[in-house]
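A.B. asks: Sequence plus the predicted model coming up.
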Number of protein chains: 2
Amino acid sequence: MIKRTPLAEVGEFGLIDRLVRAWEAGRKAGAAEGAVPAPGRPGADWINTGRSGLRLGVGDDTAVIDIPPGKALLSTADMLVEDVHFLWSQSGPRSLGRKAMAANISDIAAMGGVPGWAFLSIGVPPGAAAEDAQELYAGMGEMASSFGVVLAGGDTVRSDKWVIAVTLLGLAPHRPITRGGGRPGDLILVTGTVGDSAAGLYALLNPDTAPGAGLTGEAEYLLSRHQEPTPRVWEALALAGRGGVTAMIDVSDGVASEVHHICRNSGCGAVVELARLPVSPQAEKLACAAGQEAAHWALYGGEDYELLFTAPPEEAPGLAELVRDLTGTPVTVIGRLIPASGGVAAVRPGPGGGTFPLPPKGFNHFA
Amino acid sequence: MIKRTPLAEVGEFGLIDRLVRAWEAGRKAGAAEGAVPAPGRPGADWINTGRSGLRLGVGDDTAVIDIPPGKALLSTADMLVEDVHFLWSQSGPRSLGRKAMAANISDIAAMGGVPGWAFLSIGVPPGAAAEDAQELYAGMGEMASSFGVVLAGGDTVRSDKWVIAVTLLGLAPHRPITRGGGRPGDLILVTGTVGDSAAGLYALLNPDTAPGAGLTGEAEYLLSRHQEPTPRVWEALALAGRGGVTAMIDVSDGVASEVHHICRNSGCGAVVELARLPVSPQAEKLACAAGQEAAHWALYGGEDYELLFTAPPEEAPGLAELVRDLTGTPVTVIGRLIPASGGVAAVRPGPGGGTFPLPPKGFNHFA
């Protein structure tokens, strides 16, 4: 049983000390797991970017960071709120910390960038224990360590519900890849498999389905994909370094939503071939046993943190091969960009199939 | 009467569009107020730093910012929570926005830096109107515009209570001034007047005091200092550009707390002469009428966003004169650093006076 120290007992500055130490402990645990790329692998030379640039961190009016000349600075911010984005009772603070950090690292990856410096502001309920917040920071440090991210600042305040606001800074070693460079005729590709996170959530919310169907191992895999996604930093660096990618985004809201984002920013339409969506055998089996559709998880589930990108047809095979060779991660063509007048459509093969409009149906926080 | 559009009606992306436009409207209103320094004044050549560096802003996976070679990046983050840091019913969203932005700009100023790029993540209660959030952003844009800060990204989520998380990036044109360079013998100086913000809060919470004492004009001044503080960016740039300042911090928690911060980071003690604290005549009059002590407001009130800095005795007069000449802001010597063994003490003159320990007594969010 973890000790539970009341926040009033440690005070604001005591808590900050504990959180910095928890992050460091998480960082060491993460580094020991060996997620760091071996020398010579893509990104290996960027792994200490965060540490080497940080001249001054937590404990002054601002952090001070040295940016190497000619490298663009990338910055992303997001906010997670208890009972809206997560249930505290269900998530476990360490897993929640890993996931919050993964989501931001994934945004930097989607630009072809290297994450470097994290600023963490958290709202902590008065009834929480210092150890809860420490576990959260340990989880964030654990995820961050795999990519050389250092804790550079933040804020710690009281709040009725847990609130986690992360700002992550990074560098673009190559030209940043936006959502806006896609052209009609470009192929749409995606790394790894999509829909696993939604399948894991399904297994979590329906705990009898997987064991009932003899799919306990599958459910465990899917759950780990849901709770501890791996941002595709090295894959993205390989892509950005080679050149030829015209637009890129990470799969945070689902394939349908991401394709819509690229189409809007690139002034294109798209056709997505549902039969080509890379669905894991584990998700496929669970969908079958549960009477669900795995393609729906892929399109609308989100939180897979895979990369979705576009490239001209002559570049696509070489890009896919490069990523597979350097990182072991498969890359699959799932469709193509078309002129904007064609809208965003999906094609389903076979009887009862055909072409139909693909709505974005992203998660609307205010609906 | 402002229109009240339910959030569910505008949706997440609709709200983001409205917020970006509200910021821009606030920016124009602020620029028209003429807070921007005239050409030749300190900081005038840095006023468009934010705009010129922003290659890509809201609407992609990350912002992309070009940092000029040789300039260190500064970054600060903080979080404000409804009912903990402010009462929504009392603040008014525009004034709240101005203040939230001012606090962050002040942190950049305290390093001798130029603020540039803001990332704003807000949690909005489901019952709020889109116009409430727009007013908040308009206030932030208004304050930001005086210092050339541009909106570069953020997040918009649902939350039971209002939550405002700001990350502000800036540049250090000169060597950043930390809290850690003070040495025994250095004088402690402060810009402007301190305690006005606490006096304004007192007037707000005790609405009968000032009119009863014929101090309505004084109360108005103090209230504006409380609700719309001016961060001392140009003063700090003048100081940093000249050199000779050994440590600097902004007065966000009160003079006592800030002196303790500098002493801790610099490995020093300090003596603060209470009779020298620069208190405005307005605060002095209100304190007298209300039976309060203005020095207490200065020491423990906070939110004045003045600069508190240290410099060797031979540098101090020149620094004070420079700031006064270039910006019109007075600078006052309030004490000196001593060896750490002396602790942090205050001196009160006259009968019943003497030297006594000065506790930091900063606001403990968890007490």
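C.D. replies: Sure thing, it's come through. Just so we're clear, the structure is a prediction, and the values are computed from it rather than from any experiment.
A.B. asks: in the stretch 101-250 of chain A, which spans are helices?
C.D. replies: For the stretch 101-250 of chain A, the helices defined by DSSP state H, counting those that start in this stretch cover A:130-145, A:196-205, A:209-212, A:216-227, A:233-242.
A.B. asks: my bad, the stretch 251-367 of chain A
C.D. replies: Assigned by DSSP H, counting those that start in this stretch, the helices in the stretch 251-367 of chain A fall at A:255-266, A:281-290, A:294-300, A:316-327.
A.B. asks: Same list, those, but as CSV with distance to B:Ala240, mean neighbour count and mean pLDDT please.
C.D. replies: All C-beta atoms are positioned from the backbone trio N, CA, C, and that covers glycine. What follows is the helices of the stretch 251-367 of chain A, written out as CSV (distance: least, CB to CB, whole Å; neighbours: other CB atoms under 10 Å in any protein chain shown; pLDDT from 0 to 100):
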stretch, distance to B:Ala240, mean neighbour count, mean pLDDT
helix A:255-266, 39, 24, 97
helix A:281-290, 56, 20, 96
helix A:294-300, 52, 24, 95
helix A:316-327, 45, 17, 96
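A.B. asks: quick one: least confident helix or strand in chain A?
C.D. replies: Per-element confidence for chain A was summarised using mean pLDDT, DSSP states H and E. The lowest value among helices and strands belongs to helix A:88-91, with a mean of 81.
A.B. asks: list the buried ones in that one?
C.D. replies: A:88, A:91 (16 or more other CB atoms under 10 Å in any protein chain shown).
A.B. asks: Kindly report the same for stretch A:43-61.
C.D. replies: When neighbours are counted by 16+ other CB under 10 Å, the buried residues of stretch A:43-61 are found to be A:43, A:46-47, A:49-50, A:53-54, A:56, A:58-61.
A.B. asks: Just give the closest residue to A:Pro312, not the sequence neighbours.
C.D. replies: The shortest distance from A:Pro312 to any residue other than its chain neighbours is 5.6 Å, reached at A:Asp186 (CB to CB, 6 or more residues apart in numbering or on different chains).
A.B. asks: Count the neighbours of A:Val333 for me.
C.D. replies: By other CB atoms under 10 Å in any protein chain shown, the residues close to A:Val333 number 17.
A.B. asks: what pLDDT, on average, does stretch A:125-144 get?
C.D. replies: When pLDDT is averaged along stretch A:125-144, the result is 94.
A.B. asks: Hmm, I typed the wrong one, I wanted stretch A:354-367.
C.D. replies: Taken as a whole, stretch A:354-367 has a mean pLDDT of 71.
A.B. asks: quick one, longest helix in chain A?
C.D. replies: Longest helix in chain A by number of residues, with DSSP state H as the criterion: helix A:7-32.
A.B. asks: just to revisit the earlier point, out of the helices of the stretch 251-367 of chain A, which comes closest to chain B?
C.D. replies: Proximity of the helices of the stretch 251-367 of chain A to chain B was assessed by CB to the nearest CB; the nearest stretch is helix A:255-266, lying at 7.0 Å.
A.B. asks: and that closest one, what other elements does it pack with?
C.D. replies: Using 3 or more CB pairs under 8 Å, 6 or more residues apart in numbering or on different chains; DSSP states H and E as the contact criterion, the elements in contact with helix A:255-266 are strand A:187-191, strand A:247-250, strand A:268-273, helix A:294-300, strand A:307-311, strand A:331-339, strand A:344-348.
A.B. asks: in what helix or strand does A:Leu74 lie?
C.D. replies: When elements are assigned from DSSP states H and E, A:Leu74 belongs to strand A:72-81.
A.B. asks: ok, and the closest non-adjacent residue to A:Arg225?
C.D. replies: Leaving aside its chain neighbours, A:Arg225 sits nearest to A:Asp196 (3.8 Å; criterion: CB to CB, 6+ apart).
A.B. asks: what about A:Gly181, how many residues close to it?
C.D. replies: Other residues near A:Gly181 number 18, with proximity taken as other CB under 10 Å.
A.B. asks: what's the answer for A:Pro207, then?
C.D. replies: By other CB under 10 Å, neighbour count at A:Pro207 equals 10.
A.B. asks: One more: A:Ala152?
C.D. replies: Counted by other CB under 10 Å, the residues lying close to A:Ala152 total 26.
A.B. asks: related to what we said a few turns ago, quick check: the residue nearest to A:Pro312 vs chain B, distance?
C.D. replies: When distances are taken as CB to the nearest CB, to the nearest Å, A:Asp186 and chain B turn out to be 17 Å apart.
A.B. asks: Now for that residue: which residues touch it?
C.D. replies: A:246-247, A:268, A:310-313, A:336-337 (CB atoms under 8 Å, 6 or more residues apart in numbering or on different chains).
A.B. asks: gap between A:Ala77 and A:Ala287?
C.D. replies: Taken as CB to CB, to the nearest Å, the spacing of A:Ala77 relative to A:Ala287 amounts to 34 Å.
A.B. asks: Same check on A:Ala340?
C.D. replies: With the distance defined as CB to CB, A:Ala340 ends up 33 Å from A:Ala287.
A.B. asks: ok, now A:Gly97?
C.D. replies: For A:Gly97, the distance to A:Ala287 (CB to CB) stands at 30 Å.
A.B. asks: Would you check that A:Arg336 makes contact with A:Val271?
C.D. replies: Yes - under the criterion of CB atoms under 8 Å, A:Arg336 is in contact with A:Val271, at a separation of 5.9 Å.
A.B. asks: contacting residues for A:Pro37?
C.D. replies: Taking CB under 8 Å, 6+ apart as the definition of contact, the neighbours of A:Pro37 are A:43-44, A:47, A:234.
A.B. asks: now A:Tyr300
C.D. replies: With CB under 8 Å, 6+ apart as the criterion, the residues that contact A:Tyr300 are A:198, A:254, A:256-257, A:361.
A.B. asks: 10 Å instead, please
C.D. replies: Contacts were defined as CB atoms under 10 Å, 6 or more residues apart in numbering or on different chains; by that measure A:Tyr300 touches A:195, A:198, A:253-257, A:359-363.
A.B. asks: That concludes my questions; thank you for your assistance.
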